[in-house]
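Asker: sequence and predicted structure are below.
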Amino acid sequence: MQIATYVLPLISVPVVSRIIGPEKYGTINFAVAYVAYFTLLISYSFDFSATRKISKDPDNVENRNKVFSEVFYTQCLLFLVSTIAFVFLLFTVSQLKENKAVVIFSYLLCVSTLFTQNWLFQAMQDLSKVALFNLISKVLFTIAILIIVRKNQDYIWQPLIISVVQAIVAIWSFTWAFKKYKIKLVKITLLRCWEVLKEERIIFFSLVFVNLYSSTNTVILGLFQNSAQVGYYTAAQRLIIIAQSVLAMPLAQAFYPFIGKAFGEGKEQGLRIAQKLIPLIVVFLGLATIAMFILGPFVIRIFYGHRFEEAIPAFQILTIVPLLFSLNNVLGIQIMLNLGMDKYFFKITASAGVLSVALNFLIIRRFGYIGTTVNWLITELFCFSAMYFVLYRQGLNPINLEYFKFSAMKEYLTPIKNKILRVK
């Protein structure tokens, strides 16, 4: 899945971006960010909530049919609502009317969202199928895009290709799951659909606030600035997300078992382990930040071409984001959630989302894509500061300067390395 998500675009994006240029690249990414609201609504929070309902008793066929039916019918209702809202906005928002074909083609991606039931594969512990279907869709898209996009005007086919390919694969996987798990749709009332939405609203709203400082940055930038500026910002953003996934996510996944186990032994033990890991994150990702900042101009030119040189300052500003992301992961996910501080975590992410939107409206008109870039950085800094402040006030200082000494890092790094190697 990681190869499909991050490596295959390394093949198609450099080719496509050079052909269509910053303006058309920005138009595509604005449409993708806009449609992300509808895919978020249709998928709701079922990847988390529905998985839990089935994974507790995966062999219970009656419960599996009931949950699957509730999810699918509720998603059909959300798809209908999304389509009505999409059509209304398509003819009322000028930026959408100007790029009607690209926006409509991008919205077709919602069809694949409706039929993609990855939560079922997760609940049944059949993740290999998720990886397989994801890989197939990305490979087909990469091949098709390299064949079809030949000149600047071909940019409109990019969103259509990905929507059609993913819809075909989604319907295929949907049909396969029906046969594999012997799914039978049961009757679900409209009232029950509404009850399902109410039951899962907390997780959904948490995802909405996270979306406020991800996709919303691009949408607001597209509403107040031209497509070229969106192209520069999203070009830098894509590379940072790839770096974040390659550098930061493996650290979070590797450290999570150690911190979780430590907190199971006691609050003080868990905090001590987190304090020991933070210096490793700072040193490793701090060096990566410096390297990315220095190599930024070279990377942008190699990856996108000389027409995207204005994306260089945005990329350099954002090079510290993977470091902040990892620190926020430790403070928020690893410490707060392990200690049951869910409400604090929700309030901080909600505040970050509201802050991000407010800052966007204040600075984008004047500073354009650089303002959007700085806004993302400020939001991540706010999350870190707020989480640190809350933990500190609770008597849980996550940063211990003693552990930043080289002798201390060397002492506790060795057993962690050995444990990871044994797990592998």
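Answerer: Cool, got the structure. Numbering: from 1, shown residues only.

Asker: burial of L362, as a residue count?
Answerer: Neighbourhood size, L362 [other CB atoms under 10 Å]: 12. Where you see a C-beta, it was placed from the backbone N, CA and C, and this is true even at glycine.

Asker: just the one 4 residues further on next, same as before
Answerer: For R366, the neighbour count with other CB under 10 Å is 9.

Asker: pLDDT value on it, please?
Answerer: Looking at R366, its pLDDT stands at 89.

Asker: what of Q253?
Answerer: Taking Q253 on its own, its pLDDT is 60.

Asker: check K56 too.
Answerer: At K56, pLDDT is 69.

Asker: next: A358.
Answerer: 91.

Asker: what helices or strands is the helix or strand where it lies leaning on?
Answerer: A358 is part of helix 342-393 when elements are defined by DSSP states H and E. Judged by 3 or more CB pairs under 8 Å, 6 or more residues apart in numbering; DSSP states H and E, helix 342-393 is in contact with helix 201-212, helix 215-224, helix 227-243, helix 312-318, helix 321-328.

Asker: relative to F115, how far out is I188?
Answerer: Noted for I188: a distance of 17 Å to F115, by CB to CB, to the nearest Å.

Asker: for E309, same thing?
Answerer: 41 Å.

Asker: more neighbours, the two?
Answerer: Neighbours per residue (other CB under 10 Å) separate E309 from F115, with F115 holding more: 20 against 14.

Asker: need the per-residue pLDDT for that one.
Answerer: pLDDT recorded at F115 is 91.

Asker: quick one: the helices in the stretch 51-200 of the chain, in order.
Answerer: With helices called from DSSP state H, counting those that start in this stretch, the stretch 51-200 of the chain shows them at 61-90, 94-98, 100-107, 109-115, 118-123, 127-148, 157-180, 190-199.

Asker: most tightly surrounded among those helices?
Answerer: Most buried of the helices of the stretch 51-200 of the chain by mean neighbour count (mean count of other CB atoms under 10 Å) is helix 118-123; its value is a mean of 22.

Asker: same for it, what does it pack against?
Answerer: Judged by 3+ CB pairs under 8 Å, 6+ apart, helix 118-123 is in contact with helix 46-55, helix 127-148.

Asker: how far is that helix from where the chain is centred?
Answerer: Offset of helix 118-123 from its chain centre (CA atoms, centre = their mean, to the nearest Å): 18 Å.

Asker: so where's the stretch 101-250 of the chain shaky on pLDDT?
Answerer: For the stretch 101-250 of the chain, applying pLDDT under 70 flags the ranges 127, 203, 212-214, 250.

Asker: and the helices and strands packed on helix 342-393: which comes nearest G286?
Answerer: helix 321-328 (6.2 Å; CB to CB).

Asker: other SSEs contacting the closest one?
Answerer: Against helix 321-328 (3+ CB pairs under 8 Å, 6+ apart) you get helix 227-243, helix 267-304, helix 342-393.

Asker: compute the inter-axis angle for the last one and helix 227-243.
Answerer: Helix 342-393 runs at 70 degrees relative to helix 227-243, counting by axes from the mean of the first three to the mean of the last three CA atoms, to 10 degrees.

Asker: just want the angle from helix 342-393 to helix 267-304.
Answerer: Per the same axes, to 10 degrees, the angle that helix 342-393 makes with helix 267-304 is 100 degrees.

Asker: what's V230 in contact with, if anything?
Answerer: By CB atoms under 8 Å, 6 or more residues apart in numbering, the contact set of V230 is G26, T27, N29, F30, T218, L221, G222, Y369.

Asker: kindly apply the preceding question to F205 instead.
Answerer: A350.

Asker: any idea how far it is from C383?
Answerer: F205 sits 17 Å away from C383, going by CB to CB.

Asker: cool, V219 as well?
Answerer: 20 Å.

Asker: what about these two, which has more around it?
Answerer: Higher neighbour count among V219 and C383: C383, with 23 against 19, using other CB under 10 Å.

Asker: and G395, backbone torsions?
Answerer: Dihedral pair for G395: phi 80, psi 20, per degrees, to the nearest 10.

Asker: now do the same for it: its pLDDT.
Answerer: Confidence at G395, expressed as pLDDT, is 87.

Asker: how about the nearest residue to P297 once chain neighbours are set aside, what does it touch?
Answerer: Spatial nearest neighbour of P297, excluding adjacent residues (CB to CB, 6 or more residues apart in numbering): I312 at 5.0 Å. With contacts taken as CB under 8 Å, 6+ apart, I312 has the following neighbours: A236, G296, P297, I300.

Asker: tabulate these (a markdown table), appending neighbour count and distance to W376.
Answerer: Converted to a markdown table, the contacts of I312 look like this (neighbours: other CB atoms under 10 Å; distance: CB to CB, whole Å):
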| residue | neighbour count | distance to W376 |
| --- | --- | --- |
| A236 | 29 | 10 |
| G296 | 21 | 16 |
| P297 | 15 | 20 |
| I300 | 24 | 17 |
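
Asker: returning to that earlier point: distance of the residue nearest to P297 from L318?
Answerer: Plainly put, I312 is 11 Å away from L318 if you go by CB to CB.

Asker: list residues touching both of these two?
Answerer: Each of A236 lies in contact with both I312 and L318 under the rule CB under 8 Å, 6+ apart.

Asker: what mean pLDDT does the helix or strand harbouring Y34 get?
Answerer: Using DSSP H and E, Y34 falls within helix 9-43. Per-residue pLDDT over helix 9-43 has a mean of 85.

Asker: buried set for it?
Answerer: For helix 9-43, a neighbour-count test (16 or more other CB atoms under 10 Å) marks 9, 12-13, 16-17, 19-43 as buried.

Asker: can you give me how far that helix is from the chain middle?
Answerer: On CA atoms, centre = their mean, the centre of helix 9-43 falls 14 Å from the chain's centre.
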